[in-house]
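Chemist: Fold the following, please.
(chains A and B)
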Amino acid sequence: MVFNCLKIVRSASWRIENFLIMLIQVNNLTKNYASGEVVTPVLNGLTFSIDQGEFVAIMGPSGSGKSTLMHILGLLDRPSGGQYYLEDKDVTELSDDELAGLRNRKIGFVFQAFNLLPRTTVLENVMLPLAYAKNREAPERRAKKILASVGLDHRLNYFTNQISGGEKQRVAIARALVNEPAVIFADEPTGNLDSKSGVQIMEILQGLNDSGNTIVLVTHETYTSEHAKRIIKVKDGLIIDDYKVGQRRIAKDGEILK
Amino acid sequence: MLEFFRQSVKTSAGALLANKARSFLTMLGIIIGVAAVIVIMAVGAGAQGLILSQIKNLGTNLIGVLPGKSEDKGPPAQVLGIIITTLNYGDALALADKNNVPNLTAVAAYSKAIGTVSWGADSYDTNISGTTASYLDVEGGELEQGRFFTADEEKNLARVAVLGSEVKARLFGASDPAGARIKFKKQSFEVIGVMKKRGLAAFQNYDDQIFMPLATVQKVISGVDYLGFIRAKVDDGKNINRAINDISLTLRERHNIIDQSGASDDFTVRSAAQALGAIATVTDALRFFLAAMAALSLLVGGIGIMNIMLVSVTERTREIGLRKAVGASNKDIRRQFLTQAVIITLLGGLIGIALGVLTAVLISLAARFLGYSWDLVISWLSIALAVAVSAAIGLIFGLYPAFKASRLEPVEALRHE
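Modeler: Below is the predicted model of the structure:
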């Protein structure tokens, strides 16, 4: 994999690091879904924090609330109660448009289903967040640079239905990176991939973390979660464990993801 | 900002191109509506011009006197099928008297009938114009052969007929009608002349008529003693108003009408110029009414667009979720879908204009080919209106789908299958 171009991203992250250590802080976070008169609690009071530069895996079985937690941390959803500080700023009271602006500048998403735009080229997909960003200069050059860093400079003008699953996920990673976000959320990023492509994706995520990016990985697989440095285990909307990974797996060519 | 606009136009165009057939079918309502409005406005203007030019050819120095009171701008009572018997031959004679109306050079009185004339085994449905010998002085027209009837023949109830060129052609073909006896309502009439072809003018066909002495038609054919109408020619265009005034005074005196305001009149005096105005008013009203009907199809087209935009929003729910996830605000999403709706309708409008103009040109070519002096009138107003209306339809009917799209919760949208 080609990582030389990520130097830019790294230097940017270091600048922020000098001022800020605690990136995400939640206190007694709750989320209920109300449907008619039935209220279903999904998150039952979570308290934790994630520092700048961490690689955290949020792990739990399906129905544990891990996806809901990621959506709230990623500002796609609002908590029912509790506090959420992103870069020391309370984000629970922000308007829809303010949240959209924060998602644009501070957060990158990598989804299990890739969520690339159909009938659109690789380059255009990566440029998409820049279209919603104000005052972005040379968007095309920036997008090309990021695509080169994930090894897709030969696919710039391919349409998204013409590339493989692994390549799609690399496009999604490039799209998540293009606005130099403070944190990248990866929701089961290897879930739809064959093991070889999955290893490549984990290798890229580890490389990004090595160069200073904060990464939050959501997964239900123990094996995948062990690529992170820290694991937060969630069950029934509560944190049941939070620990540093002792023997961290390092993704590299030839390794098989189970 | 401009870059963003370019982007959203590009995105919308891409979405439309991805469903070419659907986009085109959606546009069809707008295309047909816009084309229909333009064609109707153009054809209406062309037909109106044709009618008005025919009246002008007839001469604008003519004054008509109709029985019964009618509004200035409204149609005469006769058009509505009401028979009014207040005008008689004595009135026509009084108007012809220079002491009463000095500015009239000629006065002709008319009584009309419709029916079947026959010659030998051939018969033909046509119009009988009972008129005075002064007809040619008032309305013009030339004889192809023979002569027009005289004032004496008129007085003596002579059973003579002058044929319009079409009647002659239908009844006699190539054979010579001079001296032939044609039959109408069991009476026979001697053909003494044939008029030259004159064509259509102001809803009446000059050539599809038989001219007979007024008194003959009144007494022998119809059995009436009143007139259908009187036409008079004024010596000079600038004396028209004075002549109208003199005619009104004369008729009020003869009909014992004391009220000089005109409110109690049992007759109507109009100049050809006024008739022009009245016809223009009526045809304008007709034209705009038809255009409004055509515009209704624009409304239907608009509803079609709303429908297809709602489908598009549902289909692209995940895309909306993703766009929101990477930072699109509600306004950004709204603008994207509004742009798409406006592009559909605007494109439909432009195609409709092209189609409408093409059709109007073809119609005018066909009309000219058939020998009418048809002007191609495509008003910039109708084109500008078509563009504005189609864009407005895009905005109005795109608003609800766009609003719906912008209100989607990002999480829900991303989960959408």
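Chemist: Quick check: phi and psi on residue B:409?
Modeler: Note on residue B:409: backbone dihedrals following degrees, to the nearest 10 are phi -70, psi 130.
Chemist: Give me the sheet partners of the longest strand seen in chain B and which way each runs.
Modeler: Counting residues, the longest strand found in chain B (DSSP state E) is strand B:104-119. The pairing partners recorded for strand B:104-119 under DSSP bridges are strand B:122-131 (antiparallel), strand B:181-184 (antiparallel), strand B:229-234 (antiparallel).
Chemist: give the contact list for the closest residue to chain B within the stretch 51-200 of chain A.
Modeler: At 2.3 Å from chain B, residue A:104 is the closest residue in the stretch 51-200 of chain A, using Cβ to the nearest Cβ. Every C-beta, even on glycine, is put in place using the N, C-alpha and C of the backbone. Residues near residue A:104 by Cβ atoms under 8 Å, 6 or more residues apart in numbering or on different chains: A:129, A:132-133, A:179, B:326-328.
Chemist: Secondary structure class of it, three-state.
Modeler: Secondary structure, DSSP: H, G, I helix; E, B strand; the rest coil: residue A:104 is helix.
Chemist: Is the closest residue in space to residue A:91 that isn't next to it in sequence in a helix, a strand, or coil?
Modeler: Spatial nearest neighbour of residue A:91, excluding adjacent residues (Cβ to Cβ, 6 or more residues apart in numbering or on different chains): residue A:84 at 5.5 Å. Three-state call for residue A:84 (three-state DSSP): strand.
Chemist: what pairs with residue A:84 across the strands?
Modeler: Under the criterion used (DSSP bridges), residue A:84 bridges to residue A:26.
Chemist: Isn't residue B:127 up against residue B:116?
Modeler: No - using Cβ atoms under 8 Å, residue B:127 is not in contact with residue B:116, being 11.3 Å away.
Chemist: Please say which of those two ends up with more neighbours.
Modeler: Counted by other Cβ atoms under 10 Å in any protein chain shown, residue B:127 and residue B:116 do not tie: residue B:127 has more neighbours, with 16 against 11.
Chemist: so what's the more buried one up against?
Modeler: B:112-114, B:208-210.
Chemist: Grab the most central residue of the chain for me.
Modeler: The chain I'm using is chain A. Nearest to the centroid of the C-alpha atoms of chain A, with distances taken as Cα atoms, centre = their mean, sits residue A:185, at 1.5 Å.
Chemist: Chain B is the one I meant
Modeler: Nearest to the geometric centre of chain B sits residue B:283, at 4.0 Å (Cα atoms, centre = their mean).
Chemist: How about that residue, nearest residue that isn't a chain neighbour?
Modeler: Of all residues not flanking residue B:283 in the chain, residue B:48 sits nearest, at 4.5 Å (Cβ to Cβ, 6+ apart).
Chemist: ranges for the strands of chain B?
Modeler: So, for chain B - with DSSP E - the strands run B:62-67, B:104-119, B:122-131, B:143-146, B:160-163, B:181-184, B:187-195, B:200-201, B:204-205, B:209-213, B:229-234, B:267-271.
Chemist: oh sorry, the question was meant for the stretch 1-150 of chain A
Modeler: For the stretch 1-150 of chain A, the strands defined by DSSP state E, counting those that start in this stretch cover A:22-35, A:38-51, A:55-59, A:81-86, A:89-90, A:107-110.
Chemist: So the residue nearest to residue B:31 when sequence neighbours are not counted versus residue A:54, what's the distance?
Modeler: In space, and not counting its chain neighbours, residue B:31 is closest to residue B:352: 4.3 Å by Cβ to Cβ, 6+ apart. The gap separating residue B:352 from residue A:54 is 60 Å, by Cβ to Cβ, to the nearest Å.
Chemist: does residue B:240 really touch residue B:269, like I thought?
Modeler: No - taking contacts as Cβ under 8 Å, residue B:240 lies outside contact range of residue B:269: 10.2 Å.
Chemist: remind me, longest helix of the chain?
Modeler: In the absence of a named chain, this looks at chain A. For chain A, the longest helix by residue count, based on DSSP state H, is helix A:195-210.
Chemist: I was after chain B.
Modeler: Using DSSP H to define each element, chain B has its longest helix at helix B:272-315.
Chemist: got the buried residues for stretch B:102-115?
Modeler: The neighbour-count check on stretch B:102-115 (16 or more other Cβ atoms under 10 Å in any protein chain shown) flags B:103-104, B:106-113 as buried.
Chemist: State the pair within those that is farthest apart.
Modeler: B:103 and B:113 (31.2 Å; Cβ to Cβ).
Chemist: Next, the angle from the helix or strand encompassing residue A:239 to strand A:38-51.
Modeler: Using DSSP states H and E, residue A:239 sits within strand A:238-244. Angle, strand A:238-244 to strand A:38-51, by axes from the mean of the first three to the mean of the last three Cα atoms, to 10 degrees: 20 degrees.
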